[in-house]
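Asker: Sequence and predicted structure, then a few things I'm wondering about:
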Amino acid sequence: MIWSPTTRCLPLVFAILTIPLAPGTDARMFRANLEHTGTYAGPALQRFGRVKWKFHTNGRVISSPAVVSGLVYIGSTDGKLYAIDAGSGKQKWAFEAKARITSSPAVEGGAVYFESYDGNFYAVDAVSGQLRWKFQTAGERRFAGKNIHGILPAGEIMPDPFDSFLSSPAVWKGVVYFGSGDGSIYALDATSGSLKWKFPTGDVVHASPAVSNGMVFIGSWDRYMYALDASSGKEKWRFKTGEDRVIYNQVGIQSSASVVDGIVYFGCRDSNLYALNAVTGEKNWIFNNNGNWVITTPAVKGDTIYFATSDSALFYALDRRSGAVRFSLNMKWPMFSSPAVVDNMVYIGSREGKLFAIDVATQKVSWEFQSDTSRHNAAA
């Protein structure tokens with residue numbers, strides 16, 4: 001099995017591709033681990049064989065799956081979180097939140113944690129699907145601005161149609177961390193749901209927290225990447241990204257951070273990929289994408305960082321220490337999906353409804369999978 005990265009244009013069906021499971025390949029949270037490196041245990045799926053099963057929901061599948069102890073946990077915009085048998089594709093249970101779930105779940109201590117557009121953060125039992133507790137935030141909302149993306153009327157404040165992800169939680173030392181559309185970053189007791197601390201930012205927080213060396217790293221639509229003490233919630237530093245107060249196009253952090261060897265990597269809608277010192281917040285390097293958003297959360301393996309862009313539809317492999325380009329591929333359609341790395345293969349989805357397998361040794365696409373709805377509707 002591979003852990004299929006989220007593809008925004010994959011509606012209705014979550015598909016699993018056939019590959020033997022290796023020991024220790026549980027994927028308990030978004031981007032595989034607390035540091036969000038996006039690297040998973042092998043073996044890689046070198047060649048595409050067949051679809052093992054498909055599971056139909058009544059909404060779009062924007063959430064990425066968590067896979068633990070033979071169960072796949074995934075949310076849908078039909079308002080349900082599903083537990084699916086990884087071998088057969090049969091539903092074990094479904095928990096109804098009654099509002100769309102675009103937060104990727106985290107599984108820890110026998111509980112599944114996720115956020116919903118109803119403004120609640122949930123913990124449900126991983127075996128039974130029964131509610132353990134829920135925590136009510138001050139409410140969800142999307143990022144909004146006047147004349148956003150140049151849409152008329154210019155004086156009307158309107159929500160951003162591209163802000164469709166919710167923050168995906170991280171669980172560390174009995175505490176669950178996540179961001180909210182109310183503009184705050186939360187830390188809750190993972191057992192009871194009681195509030196440990198709350199940190200206010202200047203706008204919607206839909207990026208997902210990475211945790212490394214006792215620090216929480218998370219970006220906000222207010223333009224800042226924040227480094228917070230995981231125990232107290234106290235700010236250690238903040239880093240300001242680009243401004244756009246005209247049409248609010250080149251502004252905001254949707255990408256989540258990846259943290260490796262004391263460096264914080266993240267993308268921004270200001271068209272840059274950033275590498276910052278995790279201790280000081282100082283800039284190591286910036287890679288500019290010429291007006292194209294970086295919504296994807298970068299994956300890091302060895303000395304290479306992998307990410308993709310929106311309108312230019314470019315997949316990049318950079319030297320993670322210098323930011324120099326090692327190679328790039330034009331995938332033809334925008335990518336909001338985050339790459340997953342297994343052995344020598346990188347898997348990433350596009351808005352065309354395709355999942356690509358890229359061999360980093362040959363620097364070429366090894367195979368691709370196209371969803372049923374993409375084949376039926378792509379021409380339109």
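Answerer: Noted; the coordinates are in hand.
Asker: so where's the protein uncertain?
Answerer: Within the chain, the segments meeting pLDDT under 70 span 1-24.
Asker: could you say which helix or strand contains the closest residue to Asn277 other than its chain neighbours?
Answerer: Of all residues not flanking Asn277 in the chain, Asn284 sits nearest, at 6.1 Å (C-beta to C-beta, 6 or more residues apart in numbering). C-beta: built from backbone N, CA, C; applies to glycine. Element membership of Asn284, judged by DSSP states H and E, is strand 283-288.
Asker: after that strand, next one along is what?
Answerer: According to DSSP H and E, the helix or strand after strand 283-288 is strand 299-301.
Asker: can you list contacts of the very next helix or strand once past that following strand?
Answerer: Once strand 299-301 ends, the next helix or strand along the chain (criterion: DSSP H and E) is strand 304-308. Here strand 304-308 makes contact (C-beta atoms under 8 Å, 6 or more residues apart in numbering) with 38, 258, 265, 267, 273, 294, 296-300, 314-320, 326, 331, 335, 337-339, 341, 346, 348, 360.
Asker: and if you look at stretch 31-44?
Answerer: By C-beta under 8 Å, 6+ apart, stretch 31-44 touches 2-3, 19-20, 22-25, 27, 30, 170, 172, 208, 210-212, 256-260, 297-301, 306, 338-345.
Asker: Show me which of the residues you listed are buried.
Answerer: Buried members of those, counted by 16 or more other C-beta atoms under 10 Å: 2-3, 19, 25, 27, 30, 170, 172, 208, 210-212, 256-260, 297-301, 306, 338-343, 345.
Asker: Now do the strands in the stretch 101-250 of the chain.
Answerer: With DSSP state E, counting those that start in this stretch, the ranges of strands along the stretch 101-250 of the chain come out as 106-108, 111-115, 120-125, 131-136, 144-146, 157-159, 170-172, 175-179, 184-189, 195-200, 210-212, 215-219, 224-229, 235-240.
Asker: Which of these sits closest to Ser63?
Answerer: Smallest distance to Ser63 across those (C-beta to C-beta): 7.7 Å, for strand 111-115.
Asker: and the closest one, what other elements does it pack with?
Answerer: strand 80-85, strand 106-108, strand 120-125, strand 175-179 (3 or more C-beta pairs under 8 Å, 6 or more residues apart in numbering; DSSP states H and E).
Asker: wait, is Ser374 part of a helix?
Answerer: Yes. Using DSSP: H, G, I helix; E, B strand; the rest coil, the secondary structure at Ser374 is a helix.
Asker: That one - how many residues pack around it?
Answerer: 20 (other C-beta atoms under 10 Å).
Asker: Then the one 4 residues further on?
Answerer: As a burial measure, the neighbour count of Ala378 was computed by other C-beta under 10 Å and equals 14.
Asker: Check Ala111 too.
Answerer: 20.
Asker: ok, for it, nearest residue in space, not its chain neighbours?
Answerer: Ala111 sits nearest to Ala123 (C-beta to C-beta, 6+ apart), 4.7 Å away.
Asker: Can you give me every residue that contacts Thr77?
Answerer: Residues near Thr77 by C-beta under 8 Å, 6+ apart: Gly59, Arg60, Val61, Ile62, Arg100, Ile101, Thr102.
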